[in-house]
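Enquirer: what follows is a predicted protein model with its sequence.
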Amino acid sequence: MSERIYNFSAGPAVLPEEVLKEAQADLFNYKGTGMSVMEMSHRSKTFDDIIVNTEKDVRTLLDIGDDYSVLFLQGGATLQFSMVPLNLMPPANKADYIVTGSWSKKAVNEGKRAGAVNIAGTTEEDNFNHLPLQDELKLDPEAAYVHYTSNNTIFGTQYLSEPEVGNVPLVCDASSDILHKKINITKYGLIYAGAQKNIGPSGVALVIIRNDLLERAPEELHTYMNYNIHVKGKSLYNTPNTFGIYIIGLVAKHLINIGGLDEMYKRNKEKAGLLYNCIDESDGYYAGSVQNKEHRSLMNVTFNLGTEELEKKIIAEANEAGFSGLKGHRSVGGLRASIYNAFPQKGVEELIDFMKKFKANN
Ligand SMILES: *Cc1c(COP(=O)(O)O)cnc(C)c1O
């Protein structure tokens with residue numbers, strides 16, 4: 001295959017073509033250094049420029065103030081399920097978790113190893129087909145933090161705005177929608193995101209932490225698990241994922257060049273809107289799986305057809321037509337079109353044509 005296909009994969013996921021081409025051009029000999037980014041010391045001046053500029057551009061995009069630290073860690077979002085409670089739960093040793101899908105549940109499991117977890121809200125009884133409403137939350141004002149998942153990659157729900165949590169620090173797993181729009185950072189105590197959905201390759205997690213929360217980490221915490229060590233080491237306590245950080249830097253630069261996150265959000269809304277319209281105007285042939293339309297994700301569009309046979313058929317025909325990765329997660333079935341930042345609108349438009357034809361023929 002010589003052409004690129006439309007890649008609806010949930011993650012690792014599509015990256016901007018401009019970024020891939022720039023990385024390709026730089027791969028053999030990065031800016032006259034005579035080596036690739038993968039081959040250079042993480043302590044070199046060249047790499048220092050890369051990580052410093054990557055951080056600077058992420059800070060610009062999200063308007064992150066000096067009272068927050070920005071880290072590029074390993075272990076994915078999954079290690080953050082553990083690092084968050086180990087660092088932030090003391091001294092209260094209890095935290096609130098809002099459970100909106102499989103990833104939230106995994107975060108809860110690790111939270112429980114560090115202290116008491118209060119499930120402040122959950123929609124598991126409805127197989128997570130909507131989000132808990134604000135007035136349904138049972139928040140503990142003494143909790144160390146409130147943890148929530150801003151976009152539920154598997155179920156296709158997304159928070160339009162943050163849950164209101166008063167003075168308790170808000171912790172967000174933003175793995176599948178980080179940098180999809182401008183957010184008000186000051187509402188958060190900590191945000192983490194595995195890079196491989198919206199901002200880069202796998203193997204790096206972006207962590208943004210309000211500095212006062214760093215004081216909570218207990219003395220006896222293992223070195224690598226302690227955010228303070230990584231803040232002091234400027235994400236270079238040990239050898240980081242240098243190539244991954246470099247790609248995040250290219251993605252951040254690309255986002256700045258297209259006009260920043262307001263422009264990105266505009267594009268994301270338009271793109272997802274087209275697909276949801278197609279679903280809603282199909283007289284029930286395609287059925288969106290999220291019950292509350294206000295909770296629909298701009299990143300992962302989940303839907304069903306009347307029978308599993310039809311779903312199998314459309315996925316097979318879609319693959320042949322060059323639309324890859326549309327099968328829903330094995331825990332929910334159906335279809336899922338992951339249309340992250342870098343997914344082109346043209347791909348959504350062509351998928352819609354394909355879906356209309358499939359409906360007419362089946
Ligand atoms: C993919 C995903 C994760 C897991 O990320 P890893 O980097 O594989 O650990 C966690 N949370 C959410 C919301 C995700 O989409």
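Expert: That came through fine.
Enquirer: which ones are touching Ile64?
Expert: Listed by C-beta atoms under 8 Å, 6 or more residues apart in numbering, the contact set of Ile64 reads 58, 70, 185, 208. Heads up, the C-betas are built off the backbone N, CA and C, glycines and all.
Enquirer: what pLDDT does Val70 get?
Expert: Looking at Val70, its pLDDT reads 98.
Enquirer: repeat that for the one 3 residues further on.
Expert: Here the pLDDT value assigned to Leu73 is 98.
Enquirer: so what's the closest residue to it other than its chain neighbours up against?
Expert: Of all residues not flanking Leu73 in the chain, Ala205 sits nearest, at 5.0 Å (C-beta to C-beta, 6 or more residues apart in numbering). Ala205 is in contact with 72-77, 79-80, 192-195, counting by C-beta under 8 Å, 6+ apart.
Enquirer: among those residues, which lie within strands?
Expert: Of the positions in the contacts of Ala205, 72-73, 192-194 sit in strands, assigned by DSSP state E.
Enquirer: what about the longest helix belonging to the chain, average pLDDT?
Expert: The longest helix of the chain (DSSP state H) is helix 260-280. Helix 260-280 carries an average pLDDT of 98.
Enquirer: check which helices and strands the helix or strand just after it sits against.
Expert: Remark: after helix 260-280, the chain's next helix or strand is strand 287-288, criterion DSSP states H and E. Where contact means 3 or more C-beta pairs under 8 Å, 6 or more residues apart in numbering; DSSP states H and E, strand 287-288 is packed against helix 260-280, strand 300-304.
Enquirer: what pairs with strand 287-288, and is each one parallel or antiparallel?
Expert: With DSSP bridges as the test, strand 287-288 is paired with strand 300-304 (antiparallel).
Enquirer: relative to helix 260-280, how tilted is the partner strand?
Expert: Counting by axes from the mean of the first three to the mean of the last three C-alpha atoms, to 10 degrees, strand 300-304 lies at 10 degrees to helix 260-280.
Enquirer: which residues does Ile191 bridge with?
Expert: Beta-bridge partners of Ile191, as defined by DSSP bridges: Cys172, Ile208.
Enquirer: let me fix that: Gly288
Expert: Counting by DSSP bridges, Gly288 is bridged to Phe303.
Enquirer: pretty sure it is touching Asn300, no?
Expert: No. Applying C-beta atoms under 8 Å, one finds Gly288 not in contact with Asn300, separated by 11.6 Å.
Enquirer: can you pull the residues that touch both of these two?
Expert: What both Gly288 and Asn300 touch, as defined by C-beta under 8 Å, 6+ apart, is the set Gly156.
Enquirer: which of the two has more neighbours?
Expert: Per other C-beta atoms under 10 Å, whichever of Gly288 and Asn300 has more neighbours is Asn300, with 29 against 19.
Enquirer: what's near enough to touch the more buried one?
Expert: Asn300 sits next to 10, 151-154, 156, 176, 336-339 when contact means C-beta under 8 Å, 6+ apart.
Enquirer: those residues also near the ligand: which ones?
Expert: Among the contacts of Asn300, the residues within reach of the ligand (C-beta under 6 Å from any ligand atom) are 153, 176.
Enquirer: which among the contacts of Asn300 end up buried?
Expert: Neighbour-count burial (16 or more other C-beta atoms under 10 Å) is assigned, among the contacts of Asn300, to 10, 151-154, 156, 176, 336-339.
Enquirer: from those residues, which land in strands?
Expert: 151-152, 336-338.
Enquirer: now these in JSON lines, with pLDDT?
Expert: Output for those, formatted as JSON lines (pLDDT from 0 to 100):
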{"residue": "Asn151", "pLDDT": "98"}
{"residue": "Asn152", "pLDDT": "98"}
{"residue": "Arg336", "pLDDT": "98"}
{"residue": "Ala337", "pLDDT": "98"}
{"residue": "Ser338", "pLDDT": "98"}
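Enquirer: out of those residues, who's nearest Met264?
Expert: Within those, proximity to Met264 (C-beta to C-beta) peaks at Asn151, which comes in at 14.3 Å.
Enquirer: can you pull the contacts of the residue nearest to the closest one when sequence neighbours are not counted?
Expert: Of all residues not flanking Asn151 in the chain, Asp177 sits nearest, at 3.7 Å (C-beta to C-beta, 6+ apart). Shown in contact with Asp177 (C-beta under 8 Å, 6+ apart): 150-151, 158, 197-198, 297-299.
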